[in-house]
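Asker: Based on what follows, work out the 3D shape:
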Amino acid sequence: MIEIKTVEKPDERRDFPRGHLEAVHLTGLDFAVATFEPGWRWSESVAPIAGTESCQVHHNGYVVQGRLRVRMDDGAESEVGPGDVFVVPPGHDAWVVGDEAVIAYDFAGGMAQEYAKAKG
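Answerer: Okay, the predicted model is just below:
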């Protein structure tokens, strides 16, 4: 059976300080579009919701717009920007670089399922 959904009509939207996530859920695929405004930082905007010191979600993603810096718990850092495809394992912080909003697509499923949801 073919399933088709549009990100213009997401199944759910999660708002958090300086950003939001829109998700569509299909059989075998949870897809998220994340928007992070300038000044957004995971440890400030999402950590209080997630209840963890660093992001514990695995990301398979693609950056559409803006630049995002990622620091792993072990101190390794990298930056992603438009056109970059990335894999980031659990255990990281991230923040917007510059004054342009970041728009990223996440194919991992974990983001669409768990990201910025209160634990409970």
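
Asker: what's the burial count for Phe31?
Answerer: Other residues near Phe31 come to 20 when the count uses other Cβ atoms under 10 Å. Bear in mind the C-beta positions are built from the backbone N, C-alpha and C, glycine included.

Asker: Tell me the bridge partners for it.
Answerer: Beta-bridge partners recorded for Phe31 (DSSP bridges): Val24.

Asker: helix/strand/coil for Ile2?
Answerer: For Ile2, the secondary-structure state derived from DSSP: H, G, I helix; E, B strand; the rest coil is coil.

Asker: Any stretches of this protein with poor pLDDT?
Answerer: When the per-residue scores of the chain are filtered using pLDDT under 70, the ranges that remain are 109-120.

Asker: ranges for the helices of it?
Answerer: 42-45, 47-50, 110-114 (DSSP state H).

Asker: so Phe16 makes contact with Ile49?
Answerer: Yes. Counting by Cβ atoms under 8 Å, Ile49 is a contact partner of Phe16 at 6.0 Å.
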